[in-house]
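K.L.:
Coordinates for the following, if possible.
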Amino acid sequence: MTNGPTRREGRPLLPGRRLGATGGAALGEAARQARAPWAASVAGILFAILFTGAMALLRSSPVGTQDDSALVRLFAEGGDWPIVVGGLYLGPFAGITFLWFVAVVRDQVGEREDRFFATVFLGSAILFVALLFAALAVATTPTVAVRYLDLRAPTAEEAHLTRTLAYTLLFAFATRAAAVFLFSTATLGLRTQTFPRWFALTGYAAGLILLLVVSFWDWVILLLPAWVLVISVAILRRERALRDVPDAG
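P.N.:
Model prediction:
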């Protein structure tokens with residue numbers, strides 16, 4: 001004899017109305033589509049666009065290069081809009097689409113994955129997004145303080161400090177996590193034969209450049225979205241070719 005409630009066949013463990021056959025089939029199809037290879041392609045393309053746009057806007061912001069009086073005028077005239085768009089909108093959504101890209105790629109590898117490299121792959125992706133979010137939070141702190149908390153405009157020294165901290169988080173640490181992600185993704189794809197050989201070679205090359213060059217030229221971080229974009233387009237073309245095979249016959 002068992003104590004407490006038990007789960008019976010065909011009944012939900014938690015109370016609530018059961019989905020009908022049509023609703024269940026629709027949810028199942030939606031889940032399948034969300035995990036399909038084309039979903040990784042769309043997420044990867046969106047990440048490349050959003051991340052590049054966010055970096056371009058944040059790097060073009062004059063907030064960290066003005067003196068005290070110029071900063072007061074800049075915030076009063078709304079000159080911090082690149083930080084608002086790039087740091088509060090494009091950047092966070094870039095991180096979300098990157099995680100979606102990672103999830104779908106990992107789902108495609110499936111049971112063939114090497115647990116060691118799969119752990120490094122997932123961990124480095126999460127670490128990259130966490131550092132990206134931290135850098136965005138620091139970079140947007142002056143704008144949030146003035147626009148949404150009604151605080152005074154930052155001094156030049158405060159603006160320089162937040163800019164430096166955001167720069168360090170992104171270009172000194174997040175890029176290293178991105179390099180590890182590229183190495184592990186390339187190795188995982190090569191060992192499981194999920195992706196072609198050129199996929200691994202370009203991943204190793206891009207990861208090595210991120211490790212060594214970013215300290216001298218920060219824009220090299222755009223190698224990550226460029227690589228993800230190329231891979232996403234390749235996956236999308238492969239899926240389109242596979243769908244066209246039956247029609248050709």
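
K.L.:
Once you drop chain neighbours, what's closest to the residue sitting nearest the centre point of the chain?
P.N.:
The residue lying closest to the centre of the chain (C-alpha atoms, centre = their mean) is Phe98, at 2.5 Å. Of all residues not flanking Phe98 in the chain, Phe47 sits nearest, at 4.6 Å (C-beta to C-beta, 6 or more residues apart in numbering). C-beta coordinates here come from the backbone N, C-alpha and C atoms, glycine included.

K.L.:
That neighbour: what's it in contact with?
P.N.:
Shown in contact with Phe47 (C-beta atoms under 8 Å, 6 or more residues apart in numbering): 94, 97-98, 101, 225, 228.

K.L.:
on that earlier part again, could you verify my assumption that the residue nearest to the centre of the chain touches Phe128?
P.N.:
Yes: assessed by C-beta atoms under 8 Å, Phe98 is found in contact with Phe128 at 7.5 Å.

K.L.:
any shared contact partners between these two?
P.N.:
If you check Phe98 and Phe128 against C-beta under 8 Å, 6+ apart, no residue is contacted by both.

K.L.:
Report the separation between Arg73 and Val144.
P.N.:
Relative to Val144, Arg73 is positioned 19 Å away (C-beta to C-beta, to the nearest Å).

K.L.:
out of those two, which sits in the busier spot?
P.N.:
Using other C-beta atoms under 10 Å, the more surrounded residue of Arg73 and Val144 is Val144, with 15 against 11.

K.L.:
Quick check: pLDDT value at that one.
P.N.:
With respect to pLDDT, Val144 scores 94.
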